[in-house]
Structure formats: C-alpha cells, structure tokens
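**Q** Quick one: sequence plus predicted model below, questions after.
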Amino acid sequence: MNTELAPYHAHIYYELDDRARAERLHQELAYAKGLGDLANLLFMGEMRDQNVGPHPKPQFEVHFLEDVLPKVISLIEASGFRALVHPLTDDALLITRRWHFGSANLSHSIRRCLIRLE
C-alpha cells in the first residue's frame, strides 16, 4: 500500500458547553475539504452531541489520507480539543476500543493509535 495514500480517521471530542467552538473547527475543516493543504480530506462526519458506539463523549469524525495527517493534527492541536487519530481499517472498532478502554485515556490532547497492519 502506498503509505502517502493510507486512509485515516480523526475523532474530535468536545464538551456540550464548548459545542460552538467545536462547530467552528468542524466548519473550518468542511470548508477546506478538497482544497490546498487539505486536498485529501475526504469526509466530514456530522457533529454527534451524545455518546456513539465506543466513543465516550460528543464528537465528530474526519476521514483523510495520510499525506494530510500533519495538517489535520496541527489544526486539532491548535483548537485545544482532544482527539483519537488512527488508521482506517476493517477493524476500526477494535482500534478505538483498545484506545478508549486500554491504559490510555482522553487526558492527552492528541492520541495516535498506530497499529501495524498486515
């Protein structure tokens, strides 16, 4: 697989009382989708104001190719929100469960869950 084109997910978490700021980041990413540094930002999920599946708090997701990973991480870090960033696989649920319910928690501003895929 060409690693520059490997797909990734970012789940960006927010508190309900900080939804307006999260919505601004969501809009910034949505407007930039397909342009310039974010040409390979592929999908913007809707804002979810409740727990969904293994995600322990409100969040929205972003799908993108690995070549825009540094830009996406930079935008998330600048926003101050917490995020789970991981490769998109057929077993993404397992990756998120390992991350959420493993030794790590949401105390880090960015947590990358990189698992070697065979």
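**A** Yep, it's here. What you see is a predicted model, and the numbers here were worked out from it, not measured in a lab.
**Q** Could I get the CA-only coordinates of the longest helix seen in the chain as CSV?
**A** Ranked by number of residues, the top helix in the chain under DSSP state H is helix 19-32. These are the backbone C-alpha positions of helix 19-32, laid out as CSV (Å, rounded to 0.1, in the frame of the first residue of the first chain):
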residue,chain,number,x,y,z
ARG,A,19,-20.1,23.0,21.1
ALA,A,20,-20.0,26.4,19.4
ARG,A,21,-16.1,26.3,19.3
ALA,A,22,-16.2,22.7,18.1
GLU,A,23,-18.7,23.7,15.4
ARG,A,24,-16.2,26.4,14.2
LEU,A,25,-13.5,23.8,13.8
HIS,A,26,-15.9,21.4,12.1
GLN,A,27,-16.8,24.2,9.6
GLU,A,28,-13.2,25.2,9.1
LEU,A,29,-12.4,21.6,8.1
ALA,A,30,-15.5,21.3,6.0
TYR,A,31,-14.8,24.5,4.0
ALA,A,32,-11.2,23.5,3.5
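**Q** any low-confidence regions in the protein?
**A** Under the criterion pLDDT under 70, the flagged ranges of the chain are 1-4, 89-118.
**Q** quick one: the helices in it?
**A** All helices of the chain, identified by DSSP H, fall at 19-32, 69-79, 92-101.
**Q** ok, and what's touching the second one?
**A** Contacting residues not belonging to helix 69-79 are listed as 8, 10, 12, 21, 25, 28-29, 37-38, 41, 62, 64, 83, 85, 109-110 [C-beta atoms under 8 Å, 6 or more residues apart in numbering]. (C-beta placed from N, C-alpha, C; glycine too.)
**Q** Which of these fall within strands?
**A** The strands, defined by DSSP state E, take in Y8, A10, I12, L41, V62, F64, A83, V85, I110 from the contacts of helix 69-79.
**Q** how near is the fourth one to G53?
**A** Read it as L41. Per C-beta to C-beta, to the nearest Å, L41 is found 22 Å from G53.
**Q** Between these two, point out the one with more neighbours.
**A** Using other C-beta atoms under 10 Å as the criterion, L41 and G53 rank with L41 on top: 21 against 10.
**Q** Do I have it right that that one meets E28?
**A** No. At 10.9 Å, L41 and E28 do not qualify as touching, with contact defined as C-beta atoms under 8 Å.
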